[in-house]
Structure formats: structure tokens, C-alpha cells
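Chemist: next input, structure requested:
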Amino acid sequence: MVGQSGLSDSVLAEADGALNHHELIKMRLNAADRQERRAMIERIAEQLDCELVHAIGHTALFFRRHPSKPKIILPGPGKAVR
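Modeler: Coordinates of the predicted model:
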């Protein structure tokens, strides 16, 4: 959860560790308005080298594949997830 104080280095470090361990994380961003939330999302994705999967309201979902031991298996192009 990112509070009103914004994105600090310690919050980004925790998110980086969580992405390394889990590959997929959900973050709640308590920003004053949509533009501020969008800026936070873009900063997180850029600094942590991860992808925004989905954002709705104050919640954003980020994904970054583990370089040597991926846990989440994604389907190939044109294949559906069941």
C-alpha cells in the first residue's frame, strides 16, 4: 500500500523484492486524483522494470517474470488460458 506520502525508496525496494519472489503483485495507491495515481503507476513500472497488468480505482497489478525461475506460466500467442 502506497500512502499519502507517496513512493519512497523503501516502498520501491519492498515492491522490487515482492516481484522477485512472487512475480505478480497488487498495490493499493492512495493518491489524491487519477493523474497522480497514473504518474505513480508509470514510475513503478519504469523503475522496477515491470508491466502494468491491470489498474482499477486505487489498485494496480504488476508483473515481472523471474529471470531464472519463472513461477507463472503464460500461454503462447493465440492460446487461451483455462
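Chemist: can you map out the helices along this protein?
Modeler: Taking DSSP state H as the criterion, the chain contains helices spanning 9-22, 34-48.
Chemist: restricting to C-alpha, output the longest one in CSV.
Modeler: Listed next in CSV are the C-alpha coordinates belonging to helix 34-48 (Å, rounded to 0.1, in the frame of the first residue of the first chain):
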residue,chain,number,x,y,z
ARG,A,34,-6.3,9.9,-11.2
GLN,A,35,-3.4,11.9,-12.7
GLU,A,36,-1.3,11.4,-9.6
ARG,A,37,-2.2,7.6,-9.5
ARG,A,38,-1.3,7.3,-13.1
ALA,A,39,2.1,9.0,-12.5
MET,A,40,2.8,6.6,-9.6
ILE,A,41,1.9,3.6,-11.8
GLU,A,42,4.2,4.8,-14.6
ARG,A,43,7.0,5.4,-12.1
ILE,A,44,6.7,2.0,-10.5
ALA,A,45,6.6,0.2,-13.9
GLU,A,46,9.6,2.2,-15.1
GLN,A,47,11.8,2.0,-12.0
LEU,A,48,11.0,-1.7,-11.3
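Chemist: ok, and what's touching it?
Modeler: Applying CB atoms under 8 Å, 6 or more residues apart in numbering, the external contacts of helix 34-48 come out as 2, 6-7, 12, 15-16, 19, 27, 29, 31, 50-52, 55, 58, 60, 62, 64. In this view, the C-beta of every residue, glycine as well, is placed from N, C-alpha and C.
Chemist: 7 Å instead, please
Modeler: Helix 34-48 is contacted from outside by 2, 7, 12, 15-16, 19, 29, 31, 51-52, 55, 58, 60, 62, 64, using CB atoms under 7 Å, 6 or more residues apart in numbering.
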